[in-house]
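> need a 3D model of the sequence below.
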Amino acid sequence: MTLLFVYILFLLIVYFCIKEGNEKMNKMILLVTCFILAWLAGNRDMLRWADTDSYMICFDNTPTFSNFDISSNPYGYSELGFYWLSVLIKSFSSSYTFYFFIIAAISIWVIYKGLYSYCCYPLLGLAIYIARFFSGRNLIQIRAGLAYAIVLLGIKYITERNWKYYFSLVFIAYQFHHSVIIAVPLYFITYIKIEKWHVILGLVLAFILGGFFQGELQNYVTDQIEDFDVGTAATYTTGVEVEQAKGLANPLIYFQVLILLVYTFAEDKVKRVDVHYYAIRAAYLYSTMILITFCMFVALSTRTSTLFATCEIFMLPSLLKAFGKNLFNIGYLALSGGIAGIFVLNYILTN
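Here you go, the predicted structure:
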């Protein structure tokens, strides 16, 4: 419960920082919090968090620059960007703590840049990130955490229609985790002027596919993975990944649907405080449709949809600001209660 107390205390600090409006103080607290998060990621319990042991084995098999061979391949994964980063880190130290700290520091620094680009209340955005994504991105899926953060920086280039910068960021992110390939269609999807009825229609279609065509989708996805021989990704479509799937009973689906609908029907208010409103809404709709459509797979649906689900750290603060000062206190209390509940679920009940 100590963790929960500290998190609630942080939410109170965020509240007073927003009320005070001291930009210099807010930035300092944000930077200090980001450093603490990176430090916590580096000093994790190495036996507690999933995938940590796998990354430790990979790091053990990573060379330094003194014995690096340009033609050598990474051990345990295929992304060369992450491999070269690991080589660089190990050239300075072979400490696991240093390894996880540096990777988390880079990832969280990119999140920090994203918060200042897209979030009206960066400290609140970070609080949401801590509750919803920090454990998964910076303590478990560290390659994906870094790659997804890089892709999010490209949202403004969708708004600006600058395809060169957007796809450059996607290409860089791809070198850290190949799943970011799903970010490619988003750029073209946003050429459609998505209206409220498009959002409703998209959700309905996703529920139809995820509810009535699970067998067909499962067979199709499994066949495609086998045909393309994508290695360990095949484990995401067989065995426990299917047996333990909650399907449309997954509460995360309805959590995202609720946020999407509120954000959509508050369009007139939110777009006044968020110049990237339409790009962010399209990204979140895309994420939610993936989550629903492929709900028959545990990891495949959650790990692919979570890329643009991260937009919640921009969306929820924008909603809070959009409804004005009169409702701010009530809105902040409700939002704090919700994300504190998510914090309990991610850090206390499931670990």
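> so the nearest residue to Thr52 once chain neighbours are set aside, which state does it fall into?
Using CB to CB, 6 or more residues apart in numbering and skipping residues adjacent in sequence, the residue nearest Thr52 is Met46, 5.5 Å away. Glycine gets a C-beta too; all of them are placed from N, C-alpha and C. Of the three states, Met46 takes coil under DSSP: H, G, I helix; E, B strand; the rest coil.
> and for Met46, the neighbour number?
When counting by other CB atoms under 10 Å, one arrives at 13 neighbours for Met46.
> quick one: pLDDT of it?
We have a pLDDT of 87 for Met46.
> got it, and the one 5 residues further on?
Asp51 is assigned a pLDDT of 88 by the prediction.
> now do the contacts for it.
Ile140, Gln141, Ile142 (CB atoms under 8 Å, 6 or more residues apart in numbering).
> give me the buried entries from those.
Ile140, Gln141, Ile142 (16 or more other CB atoms under 10 Å).
> grab the nearest non-local neighbour of the last one.
Right, the one you point to is Ile142. Distance criterion CB to CB, 6+ apart; nearest residue to Ile142, sequence neighbours excluded, is Ile103 at 5.3 Å.
> relative to Tyr15, how far out is that neighbour?
Applying CB to CB, to the nearest Å, the value for Ile103 to Tyr15 is 31 Å.
> repeat that for Cys58.
The value you get for Cys58 to Tyr15, if CB to CB is used, is 41 Å.
> hang on, the earlier thing: pretty sure the residue nearest to Ile142 is touching Ala144, no?
No - using CB atoms under 8 Å, Ile103 is not in contact with Ala144; the gap is 11.4 Å.
> which residues do the two both contact?
The contact sets of Ile103 and Ala144 do not overlap (CB under 8 Å, 6+ apart).
> coming back round to it: going by distance to His177, which of the buried ones among the contacts of Asp51 wins?
For those, the residue nearest His177 by CB to CB is Gln141; the value is 8.0 Å.
> the closest one against Arg303, yeah?
Yes - at 7.1 Å, Gln141 counts as touching Arg303 under the criterion of CB under 8 Å.
> quick check: Met25 vs Lys19, distance?
Here Met25 is placed at a distance of 12 Å from Lys19 (CB to CB).
> try Ser287
Computed as CB to CB, the Ser287 to Lys19 distance reads 31 Å.
> these two: who's more crowded?
Ser287 (23 against 12).
> got the contact list for the nearest residue in space to the more buried one that is not next to it in sequence?
Sequence neighbours aside, Phe308 is the residue nearest to Ser287 in space, at 3.8 Å (criterion: CB to CB, 6+ apart). Going by CB under 8 Å, 6+ apart, Phe308 touches Ala183, Leu186, Ala283, Tyr284, Tyr286, Ser287.
> the same query, at a cut-off of 10 Å, please.
By CB atoms under 10 Å, 6 or more residues apart in numbering, Phe308 lies in contact with 148, 151-152, 155, 182-183, 186, 280, 282-288, 290.
> now, which of those residues lie within helices?
The helices, defined by DSSP state H, take in 148, 151-152, 155, 186, 280, 282-288, 290 from the contacts of Phe308.
> beyond the helix or strand containing Tyr99, next helix or strand please.
Assigned by DSSP states H and E, Tyr99 belongs to helix 96-118. Where DSSP H and E defines the elements, the next helix or strand beyond helix 96-118 is helix 122-129.
> and that next one, what does it pack against?
The contact analysis (3 or more CB pairs under 10 Å, 6 or more residues apart in numbering; DSSP states H and E) places helix 122-129 against helix 2-20, helix 23-42, helix 96-118, helix 312-322, helix 328-344.
> of the ones you listed, which is nearest Phe212?
Nearest of these to Phe212, taken as CB to CB: helix 312-322 at 28.3 Å.
> dump the closest one to CSV, restricted to CA.
Extracted C-alpha coordinates of helix 312-322, given in CSV (Å, rounded to 0.1, in the frame of the first residue of the first chain):
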residue,chain,number,x,y,z
GLU,A,312,-4.6,8.6,-23.5
ILE,A,313,-1.8,10.5,-21.8
PHE,A,314,-2.7,13.4,-24.1
MET,A,315,-6.4,12.8,-24.5
LEU,A,316,-7.5,12.7,-20.8
PRO,A,317,-5.7,16.0,-19.8
SER,A,318,-7.3,17.7,-22.9
LEU,A,319,-10.7,16.5,-21.8
LEU,A,320,-10.2,17.9,-18.4
LYS,A,321,-9.1,21.3,-19.7
ALA,A,322,-11.8,21.4,-22.3
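> which among the contacts of Phe308 gets closest to Leu258?
Taking CB to CB as the measure, Leu258 sits nearest to Thr288 out of those, at 10.1 Å.
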